[in-house]
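[1] Need a 3D model of the following:
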Amino acid sequence: MPGISCFIYRCSAKQDMYIYLSKKDNFDCIPEERYKRLGRTDFAMELELKKDMKLARENPADVIQNLQQRGFHLQMPGDTPIDQVLENIAKDILNQAQHHN
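    Numbering: from 1, shown residues only. Sure thing, here's the model as predicted:
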């Protein structure tokens, strides 16, 4: 199943708030008022997102749909620290890669 590349950025406005973009460094798709509320954005990671992936906080199908329709997806803070979320995603990716080899 083909995936969609996305680019994830930390938003300084709130701890554990992230913006996913369909194109790296292309914030033009975000309405200006919303963009201003993100604060400073720092690149966190690139991810090949697939509908059957497990994400800690988001439904991957919803993220893909938002990326395709809007060019971005906003992830709001949750209960789990994002460093732990990213570590879990990295572990899942490694596990999936090992199972496919």
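[2] in the sheet, who's paired with the closest residue to Met76 other than its chain neighbours?
    In this structure, Met76 finds its nearest non-sequential neighbour in Met17, 5.9 Å apart by C-beta to C-beta, 6 or more residues apart in numbering. Every C-beta, even on glycine, is put in place using the N, C-alpha and C of the backbone. Beta-bridge partners for Met17, by DSSP bridges, are Cys11.
[3] Could you verify my assumption that Met17 touches Pro77?
    Yes - with contacts counted by C-beta atoms under 8 Å, Met17 reaches Pro77, the gap being 5.4 Å.
[4] Those two: who's more crowded?
    Met17 (20 against 14; other C-beta atoms under 10 Å).
[5] got a list of what the more buried one touches?
    The contact partners of Met17, taken as C-beta atoms under 8 Å, 6 or more residues apart in numbering, are Arg10, Cys11, Leu38, Leu74, Gln75, Met76, Pro77.
[6] Now with 6 Å, please.
    Cys11, Met76, Pro77 (C-beta atoms under 6 Å, 6 or more residues apart in numbering).
[7] Which residue ranges of the chain form helices?
    32-36, 60-69, 82-100 (DSSP state H).
[8] one step back: tabulate the contacts of Met17 in TSV, adding columns for distance to Glu33.
    Below are these laid out as TSV (distance: C-beta to C-beta, whole Å):
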residue	distance to Glu33
Cys11	14
Met76	16
Pro77	20
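[9] picking that back up, same list as before, the helices of the chain that is, but in CSV and with mean pLDDT, mean neighbour count and distance to Pro2 included.
    Below are the helices of the chain laid out as CSV (pLDDT from 0 to 100; neighbours: other C-beta atoms under 10 Å; distance: least, C-beta to C-beta, whole Å):
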stretch, mean pLDDT, mean neighbour count, distance to Pro2
helix 32-36, 89, 10, 29
helix 60-69, 93, 16, 11
helix 82-100, 70, 12, 14
